[in-house]
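Asker: Pasting the sequence and the predicted coordinates here, then a few questions.
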Amino acid sequence: MHGANRRDQTGVFVRLPTDQVRLLDRAAAAVPARKKDLISGLLARHVDPDSPEGLEALREITASAGRRVIVESDEPRFQTGFAAFSPAVLPEVLDSAGAAELLGVDVATLVTLAEKGEIPGRLVGDQWRFARQGLLEWLSPV
């Protein structure tokens, strides 16, 4: 591992639970060794995806992580992986920039329409505010 040149290496980014990162930090300090050398050694010693026993051991690890994904399909376009979706929380009240983005116009046009009373909005102090639902209803055909 120490003798590998940079061309024989590939960067990998993974997120680990904080407790495991602290454990790795303590191990690297105690040995002492570089964390990448510890991880490379652990992989070489404990990961064997080419044997049934090795695969079963890996499956046990991923099952305990609670994020196992199984895709069963004859179509090659599907791949096994992880996905998460959290819908964005849309604000009920928009400022001029947000309202202009929603309507697909520039801020100056939006403010001009609001000042003429052509679109629903309220002047709060010296700034315009718009109800998302009010703008969508105004935009919809009657």
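Answerer: Structure received. Residues are numbered from 1 along each chain as shown.
Asker: now the strands for this structure?
Answerer: Using DSSP state E, the strands assigned to the chain run over residues 93-94, 122-124, 127-131.
Asker: Report the rounded mean pLDDT for the shortest one.
Answerer: Mean per-residue pLDDT for strand 93-94: 96.
Asker: What strands flank it, and is each parallel or antiparallel?
Answerer: In the sheet, strand 93-94 lines up against strand 127-131 (antiparallel) (DSSP bridges).
Asker: contacting residues around the strand it pairs with?
Answerer: By CB atoms under 8 Å, 6 or more residues apart in numbering, the residues outside strand 127-131 that reach it are 92-96, 98-99, 110-111, 114, 119-123. For the C-beta atoms, the positions are set from N, CA and C on the backbone; glycine is no exception.
Asker: Mind doing that once more with 6 Å?
Answerer: Identification of contacts with strand 127-131 by CB atoms under 6 Å, 6 or more residues apart in numbering yields 93-94, 96, 99, 114, 121-122.
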